[in-house]
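Student: can't give you the sequence, but here's the structure:
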């Protein structure tokens, strides 16, 4: 929330009125809002909010995801694969085959249907290692332990949403909005309370995005210092970028959970190269685009993709000891690689052959499913995924991966605003959010005939919610950016570059690049904002408050289809979305 100071009548030169005239209702509301702004601006209050807001949001997220986590005592949707495979990973080190009636026996607490015979699976193992982690310690008789890792991942996803929004928007208020909406969103709640891979993937992707944003914080100044060290340098490969290494590890873990994480690795890698080239152009490098491609791009590739590849292959450590196809090259000498690749270990050759088979499965998956939804339907929620439906006396209960409708549709509208805002201002924050959403959404548009489900969208939901918070932040600040403030004093300021970037420019280089950097003093207004700016913010925050209250009402209405609460049939039908569903 933007915080303002009291207007000082003495500054304007007007004496204070002897008697205050009766103020209309709007003026009273504006005055109350201004008083609240000043109150929240107090350092003591701000410190409490900065600590209390994320703690409250994480507490809400934990309650929403952990209470009643053992319900239902059934394998829900694709838990039939990942829960049993997670148990198998900790027993065998790879995915073993399950015999007949395996689901019924597992739900009853009997894992005896598992054999040591390797099973053919089509997803990497890391997510299943994590799903099986709690069962390995506490056993598998209670569904709470099946789902605890996913629930913890869901809580972490809320915390990361707050943290990324806080760094990107530089606002506790709007970061709190993003975190709160993630905490109460039904889509995020259902994915957190179900042991699937996509919620875990979303955590790795968002954490990797946060690491890249941390790398960006010092990147412009780092580029300037590199040029100052050697002013005639064509291109400098900067290797001291630990946050790119961290991002590589996290995005590699995402790829080791589901292959769709590779889209984020590729798109974020291109984004790094683009930002580096823009930094070099701004710093005054000779041939910044060519220099970036020749020097920095290969270095960034090694820093990002190298750790990702190591993490990905390491996730298959158990597979090498008996997983499906792990002994292929030992048994089939005719399939072994020759020539320049003959040195590659047979285990890695077998892993490559296994991945070729997995790729064929994923590309050719066209089986009809009752809840399949092509990606072009996702924006209007053409077919949310129903995870479980059970008929009971006088009704039924459902578990459906249905977003909070207000948050989802407002977020989609916000994406349109982000496109407009980015096209008008080239705001890199908006560009980053659009890139992240595109990495999670566009690849699925390329496979319209494949069997696709809406719940894949969980991986870019945090970026949609942060985009909504960003759009609302622009709404609140809109009036201040459209009109100049009332001038009450003058000061000098540096124009054209960020403060940390200005500090990094040596005097000689600043003089040499004056035309490019425009580092010179200018007069700026130390202003008292007009009263109608306060009125605008009061009105804008009223809109935000209305959205928050309405989103809470929507969450309360759809609670039964997120938690599997039995309802009479007629009341359950009122909660179908779209209304014609199922």
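Tutor: Looks like it came in fine. Owing to the predicted nature of the structure, the values given are computational and were not obtained by experimental measurement. Numbers count the residues shown, from 1 in each chain.
Student: can we go C-alpha only for contacts and neighbour counts from here?
Tutor: OK.
Student: what about residue 543, distance to residue 33?
Tutor: For residue 543, the distance to residue 33 (C-alpha to C-alpha, to the nearest Å) stands at 14 Å.
Student: Mind checking which of the two has more residues around it?
Tutor: For residue 543 versus residue 33, the count of surrounding residues by other C-alpha atoms under 10 Å is larger for residue 33: 18 against 15.
Student: Which residues lie in contact with the more buried one in this structure?
Tutor: Contacts for residue 33 (C-alpha atoms under 8 Å, 6 or more residues apart in numbering) come out as 534, 538.
Student: can you pull the pLDDT of it?
Tutor: Note on residue 33: pLDDT of 81.
Student: cool, the one 5 residues further on as well?
Tutor: Note for residue 38: predicted pLDDT of 87.
Student: element containing it?
Tutor: Counting by DSSP states H and E, the element that carries residue 38 is helix 25-40.
Student: How far off centre is the helix or strand following that helix?
Tutor: Remark: after helix 25-40, the chain's next helix or strand is helix 43-66, criterion DSSP H and E. In terms of C-alpha atoms, centre = their mean, to the nearest Å, the gap separating the centre of helix 43-66 from the centre of its chain is 19 Å.
Student: Output the contacting helices and strands for helix 43-66.
Tutor: Judged by 3 or more C-alpha pairs under 8 Å, 6 or more residues apart in numbering; DSSP states H and E, helix 43-66 is in contact with helix 143-169, helix 172-184, helix 186-192.
Student: Just want the angle from the first one to helix 43-66.
Tutor: Relative orientation of helix 143-169 with respect to helix 43-66: 150 degrees, computed using axes from the mean of the first three to the mean of the last three C-alpha atoms, to 10 degrees.
Student: ditto for the second one
Tutor: For helix 172-184 and helix 43-66, the angle between their directions (the same axes, to 10 degrees) works out to 10 degrees.
Student: what's the spacing between helix 172-184 and its chain's center?
Tutor: On the basis of C-alpha atoms, centre = their mean, the separation between the geometric centre of helix 172-184 and that of its chain is 13 Å.
Student: helix, strand or coil for residue 390?
Tutor: strand (DSSP: H, G, I helix; E, B strand; the rest coil).
Student: What are the boundaries of the helices in the stretch 451-582 of the chain?
Tutor: Per DSSP state H, counting those that start in this stretch, the stretch 451-582 of the chain carries helices over the ranges 461-482, 499-504, 507-512, 514-517, 531-563, 569-573.
Student: These: which one's closest to residue 215?
Tutor: Within the helices of the stretch 451-582 of the chain, the stretch nearest residue 215 is helix 499-504; the backing value is 14.1 Å (C-alpha to C-alpha).
Student: Same question for the helix holding residue 38: list its buried residues.
Tutor: In terms of neighbour count (16 or more other C-alpha atoms under 10 Å), helix 25-40 has its buried residues at 30-31, 33-35, 37, 39-40.
Student: Quick one: residues in contact with stretch 420-439.
Tutor: Contact partners of stretch 420-439, identified using C-alpha under 8 Å, 6+ apart, comprise 168, 263-264, 267-268, 415, 418-419, 460-461, 463-464, 466-467.
Student: And stretch 568-577, by the same measure?
Tutor: Identification of contacts with stretch 568-577 by C-alpha under 8 Å, 6+ apart yields 381, 384, 394-397, 402, 557-558, 561, 579, 582.
Student: Going through the contacts of stretch 420-439, which ones are buried?
Tutor: A residue is treated as buried here by neighbour count (16+ other C-alpha under 10 Å); on that basis the buried members of these are 168, 263-264, 268, 415, 418, 460-461, 463-464, 466-467.
Student: so residue 116, which of the three states?
Tutor: Going by three-state DSSP: residue 116 is strand.
Student: residues touching it, list them.
Tutor: Going by C-alpha under 8 Å, 6+ apart, residue 116 touches 92, 96-97.
Student: Also residue 369?
Tutor: Applying C-alpha under 8 Å, 6+ apart as the definition, the contact partners of residue 369 turn out to be residue 451.
Student: how near is it to residue 452?
Tutor: Distance, residue 369 to residue 452, using C-alpha to C-alpha: 9 Å.
Student: So which bits of the helix or strand where residue 215 lies are buried?
Tutor: Secondary-structure assignment from DSSP H and E places residue 215 in helix 197-217. For helix 197-217, burial by neighbour count (16+ other C-alpha under 10 Å) applies to 197-216.
Student: What is that helix packed up against?
Tutor: Identification of packing neighbours for helix 197-217 by 3+ C-alpha pairs under 8 Å, 6+ apart yields helix 126-131, helix 143-169, helix 186-192, helix 242-255, helix 261-283.
Student: Could you check the angle that helix makes with helix 461-482?
Tutor: With the same axes, to 10 degrees as the criterion, the two stretches helix 197-217 and helix 461-482 enclose an angle of 40 degrees.
Student: I'd like the next helix or strand past helix 197-217.
Tutor: As the chain continues past helix 197-217, the following element, by DSSP H and E, is helix 219-229.
Student: for the buried ones among the contacts of stretch 420-439, which one is nearest residue 447?
Tutor: The shortest distance between residue 447 and any of the buried ones among the contacts of stretch 420-439, using C-alpha to C-alpha, involves residue 263 and amounts to 14.0 Å.
Student: pretty sure the closest one is in contact with residue 440, am I right?
Tutor: Yes: applying C-alpha atoms under 8 Å, one finds residue 263 in contact with residue 440, separated by 7.2 Å.
Student: Kindly state the pLDDT recorded for residue 492?
Tutor: Residue 492 carries a pLDDT value of 33.
Student: Hmm, I typed the wrong one, I wanted residue 225.
Tutor: pLDDT recorded at residue 225 is 81.
Student: mind checking which helix or strand of this protein has the lowest mean pLDDT?
Tutor: strand 486-494 (a mean of 34; mean pLDDT, DSSP states H and E).
Student: give me the low-pLDDT residue ranges for this protein?
Tutor: 1-23, 230-235, 479-532, 582 (pLDDT under 70).
Student: contacts for stretch 254-266?
Tutor: With contact meaning C-alpha under 8 Å, 6+ apart, stretch 254-266 is reached by 123-128, 197-198, 200-202, 204-205, 248, 251-252, 305, 308, 311-312, 315, 436, 439-440, 443.
Student: now with 7 Å?
Tutor: Outside of stretch 254-266, the residues within contact range by C-alpha atoms under 7 Å, 6 or more residues apart in numbering are 123-127, 197, 201, 204-205, 251, 312, 315, 439.
Student: May I see those residues organised as a markdown table, with distance to residue 85 added?
Tutor: Formatted as a markdown table, the entries for the contacts of stretch 254-266 read as follows, by distance: C-alpha to C-alpha, whole Å:
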| residue | distance to residue 85 |
| --- | --- |
| 123 | 11 |
| 124 | 11 |
| 125 | 9 |
| 126 | 11 |
| 127 | 10 |
| 197 | 12 |
| 201 | 17 |
| 204 | 20 |
| 205 | 23 |
| 251 | 22 |
| 312 | 18 |
| 315 | 14 |
| 439 | 28 |
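Student: Closest one of those residues to residue 284?
Tutor: Comparing these against residue 284 with C-alpha to C-alpha picks out residue 439 as the nearest, at 31.0 Å.
Student: Within the helices and strands, which one has the closest one?
Tutor: Once you assign secondary structure using DSSP H and E, residue 439 falls within helix 428-445.
Student: Cool, thanks, signing off.
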